[in-house]
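# My questions are about this predicted structure, shown below with the sequence.
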Amino acid sequence: QVQVVESGGGLVQAGGSLRLSCAVSGSIFSINAMGWYRQAPGKQRELVARITNGGTTNYGDSVKGRFTISRDNAKDTVYLQMNSLKPEDAAVYYCNAYGRRLRDSGLGMEDFASWGQGTRVTVSS
């Protein structure tokens, strides 16, 4: 099994900063990419930022220039530095990871795509 655990959410004033962390653990062979998505009430889940194991990044248009995603491959951990936060950034932030893992049977590998439980970010105006 693969576990994805986010941390770092909380309440911040508009213009402030937060740093989210996401750690992946379990019977992982490799992680191809990790990313952050968010979902605000009444809205669809949207991409915030994504990073591949090679370091290629892409960002949602609304966060470009304000948010930075980074990754520690040795720790299977991804970070999201969020600066200049706006009230519209408030949402539950979810971490996603996909790659290859050991089958539960212990025989061979299979693809996995796992989500964390989410961490809430609240931005006060």
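Now that the structure is in, tell me what you want to look at. Numbering: from 1, shown residues only.

# ranges for the strands of the chain?
2-7, 10-13, 18-26, 28-39, 46-52, 57-59, 67-72, 77-82, 91-102, 109-115, 119-124 (DSSP state E).

# In terms of pLDDT, where does the residue lying farthest from the centre of the chain sit?
Distance from the C-alpha centroid of the chain, by C-alpha atoms, centre = their mean, peaks at Leu107 (29.2 Å). Leu107 is assigned 90 on the pLDDT scale.

# re the thing from before, now render the strands of the chain as CSV, adding mean neighbour count.
Any C-beta I mention is one placed from the backbone N, CA and C, and that applies to glycine too. Formatted as CSV, the strands of the chain follow (neighbours: other C-beta atoms under 10 Å):
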stretch, mean neighbour count
strand 2-7, 17
strand 10-13, 12
strand 18-26, 18
strand 28-39, 19
strand 46-52, 19
strand 57-59, 15
strand 67-72, 18
strand 77-82, 22
strand 91-102, 20
strand 109-115, 14
strand 119-124, 17
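
# for Tyr98, what are its contacts?
Counting by C-beta atoms under 8 Å, 6 or more residues apart in numbering, Tyr98 touches 31-33, 111-114.

# now swap in Glu88 and tell me
Counting by C-beta under 8 Å, 6+ apart, Glu88 has contacts 40, 62, 123.

# Serialize the residues you listed to TSV and add fields for distance to Leu11 and pLDDT.
As requested, those are exported to TSV (distance: C-beta to C-beta, whole Å; pLDDT from 0 to 100):
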residue	distance to Leu11	pLDDT
Ala40	15	97
Ser62	20	97
Val123	8	98
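
# Return the set of residues that bridge with Gln81.
Gln81 has these beta-bridge partners by DSSP bridges: Arg19, Thr68.

# Tell me the spacing between it and Trp36.
Taking C-beta to C-beta, to the nearest Å as the measure, Gln81 falls 11 Å from Trp36.

# joint contacts of these two?
Taking C-beta under 8 Å, 6+ apart as the criterion, Gln81 and Trp36 both touch Ile69.
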